[in-house]
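Undergrad: got a structure for you, letters missing:
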Ligand SMILES: O=P(O)(O)OC[C@H]1O[C@H](O)[C@H](O)[C@@H](O)[C@@H]1O
């Protein structure tokens, strides 16, 4: 049976460790990061012959000159006119209990008219996308997250069944784990008590947001996250499991199945399990694309369960797939309600009238406020602690989707829309000072939740005033104070934070991003820029291996030879990389993996280094 982790003393390479960038001295292996290869999908019939299509309005060359339109109008200040504007533009969805107020964004009628043709194309493109066209032309992929909450919309029966089956399996598995029908291997606990989720980016942000927003106070299974390759952070999560490690369900999530941070998190958790004498496979669950490295590993090692991730669902829009649904269901969150909320919102955001489409209204405001070029940042301020992670979730959804160098016609555009924010009123005591009076480089989105706490639990902490009234007052006060200083804002209001309203908000922003991308003529479904950093990181680790090999060789001399940075750079054939070699040396010395004999880190030029280890095997590494 193949193992993900080589035994400590073995130098053999497993399927995954072949891709390893292991820094452990006892695990020499290659330094390249996993290369994503599109997994072979199952024996699906050929999908519909869907032509690639232009998902955008194809009007990049006519990006609206918003600045000059702005010059013709000024922000309305008369309270009665503002009330009228509020009523004129207010969007309300009765069933969802959700409304969108755009009255404090100062767009003019002329702007709205000018945008009409762009929206016409954007709606048409969205319809084609939902119909199964190749909406992500660079990667030649369909974009199907809308089908996840309405499988009958999927462009063929095979896909529909795949979605339905996956959902049924997720629900069944979660029910069985929660009820104790599926148990951990014999241990003091009768059932699983913890979930440890290992994943990053789109494979973590949605589950984290939903857990924070919706998990009950004392869930049957408490969830923790490993979402980085920070060893101390991983140790912290593992340590907190304590004796409950034996009753922890480890859910490893990665669409590609080869993301280094996730792979590392998995290896670390497996090591911790081994040290405790636990059989990881009996507690491991994988959510990934069929035949990915992770999928194959989980299958070969006989993990407890595997759930699919679909090629046509992007990581940042995967909350309604197994990626988000399984962790949610394990915490006792009603996933059917999440899906229902999203489906209702999807329906509402298909409306081709901008005024009656909440996602189109958001996209309209983003265009106006940021000149269609991301010239202003979007500060997202939910006035509700449980929505703290919403802006963090939106950062990926919005910025990875819209932050693009080129438009669909290949023009250099450097598009984007920066998102930040935590929660109100907390942020009022941090940076609202700058928002009110400082550099005017943002617009705000307030997220208002009408219900303060479960009915019947409230009390007045001073005559006529509850704690929630203060929160309400802070939101309204900040909105007014910002507007009075010409700082525009949108307000999205929901009645309560429930699985349904959270599902609806996710769907609202997914659609807003898709429509806005069309308006500015970019592909929001790929992320070519992310690769550059990964490639550069792989090069750093490759250089580190060379440095180690050089130091090792020098340490095998008699007497042991200590090297300067320049000598190391020369022997690595990397004289132009001396700065990076210094950083490698400083990092490794701080971790007692090499020794600095002379000089100080404070003056890099003076240091001399040796490894203190002569490993004969390493002598034969080819440095040329
Ligand atoms: O789910 P995974 O394949 O592990 O990917 C995790 C993340 O990795 C990348 O860096 C992408 O830019 C993200 O969009 C993705 O969500």
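TA: Arrived safely, thanks for sending. Just so it is clear, the model here is predicted, and its values are computed rather than measured.
Undergrad: Would you tell me which residues of this structure are close to the ligand?
TA: Proximity of the chain to the ligand, by C-beta under 6 Å from any ligand atom, involves residues 200-203, 254-256, 259, 262, 315-316, 400, 527, 530. Where C-beta positions appear, they are placed from N, C-alpha and C, glycine not excepted.
Undergrad: ok, 8 Å please
TA: By C-beta under 8 Å from any ligand atom, the part of the chain that sits against the ligand consists of 36, 199-205, 253-259, 261-262, 288, 309, 314-316, 318, 323, 396, 400, 527, 530, 534.
Undergrad: In terms of secondary structure, what does the longest helix belonging to the chain contact?
TA: Across the chain, the helix with the greatest residue count (assigned by DSSP state H) is helix 529-555. Helix 529-555 sits against strand 563-564, helix 565-571, helix 578-590, strand 608-610, with contacts defined as 3 or more C-beta pairs under 8 Å, 6 or more residues apart in numbering; DSSP states H and E.
Undergrad: by how many degrees do that helix and helix 578-590 diverge?
TA: Inter-element angle recorded for helix 529-555 and helix 578-590: 70 degrees (by axes from the mean of the first three to the mean of the last three C-alpha atoms, to 10 degrees).
Undergrad: average pLDDT for helix 529-555?
TA: Mean pLDDT, computed over helix 529-555, is 92.
Undergrad: Next: stretch 267-281.
TA: What stretch 267-281 shows for mean pLDDT is 98.
Undergrad: in that stretch, what counts as buried?
TA: Neighbour counts over stretch 267-281 (16 or more other C-beta atoms under 10 Å) mark 267, 268, 269, 270, 271, 272, 273, 278, 280, 281 as buried.
Undergrad: go on, stretch 324-340?
TA: By neighbour count on 16+ other C-beta under 10 Å, the buried set for stretch 324-340 is 324-331, 333-335, 337-340.
Undergrad: How about stretch 538-557?
TA: 538, 541, 543-556.
Undergrad: How far does it sit from its chain's centre?
TA: Chain-centre distance of stretch 538-557: 34 Å, with C-alpha atoms, centre = their mean, to the nearest Å.
Undergrad: now do stretch 89-99
TA: 27 Å.
Undergrad: cool, and stretch 559-574?
TA: Relative to its parent chain, stretch 559-574 has a centroid offset of 41 Å by C-alpha atoms, centre = their mean.
Undergrad: how long is it from one end to the other?
TA: For stretch 559-574, the first-to-last residue distance is 25 Å (C-alpha to C-alpha, to the nearest Å).
Undergrad: farthest pair in the buried residues of stretch 324-340?
TA: Across those, the longest distance by C-beta to C-beta is 19.3 Å; it joins 330 and 340.
Undergrad: Any stretches of the protein with poor pLDDT?
TA: Applying pLDDT under 70 to the chain flags residues 1-61, 187-188, 600-602, 616-624.
Undergrad: what about the longest strand in it?
TA: Identified as the longest strand of the chain according to DSSP state E is strand 442-449.
Undergrad: Quick one: name whatever helix or strand follows it.
TA: Using DSSP states H and E, the helix or strand that follows strand 442-449 towards the C-terminus is strand 460-462.
Undergrad: Flag every buried residue along that next one.
TA: Of all the residues in strand 460-462, not one is buried under the rule 16+ other C-beta under 10 Å.
Undergrad: ok, that strand: who's next to it in the sheet?
TA: strand 465-466 (antiparallel) (DSSP bridges).
Undergrad: Contacts made by the partner strand with the rest, please.
TA: Defining contact as C-beta atoms under 8 Å, 6 or more residues apart in numbering, one finds that strand 465-466 is touched by 452, 458, 459, 460.
Undergrad: Likewise for stretch 182-197?
TA: Applying C-beta under 8 Å, 6+ apart, the contact partners of stretch 182-197 are 173, 176-180, 204, 207, 220-227, 237-238, 241, 243-244, 246-251, 253, 269, 278-279, 282-283, 304, 327, 330-331.
Undergrad: quick one: which of those residues sit in strands?
TA: Those of those mapping onto strands are 222, 223, 224, 225, 226, 248, 249, 250, 251, 253, per DSSP E.
Undergrad: Name whatever forms a beta bridge with the fourth one.
TA: Applying DSSP bridges to residue 225 yields these beta-bridge partners: residue 197.
Undergrad: wait, isn't it in contact with residue 204?
TA: Yes: using C-beta atoms under 8 Å, residue 225 is in contact with residue 204, at 6.0 Å.
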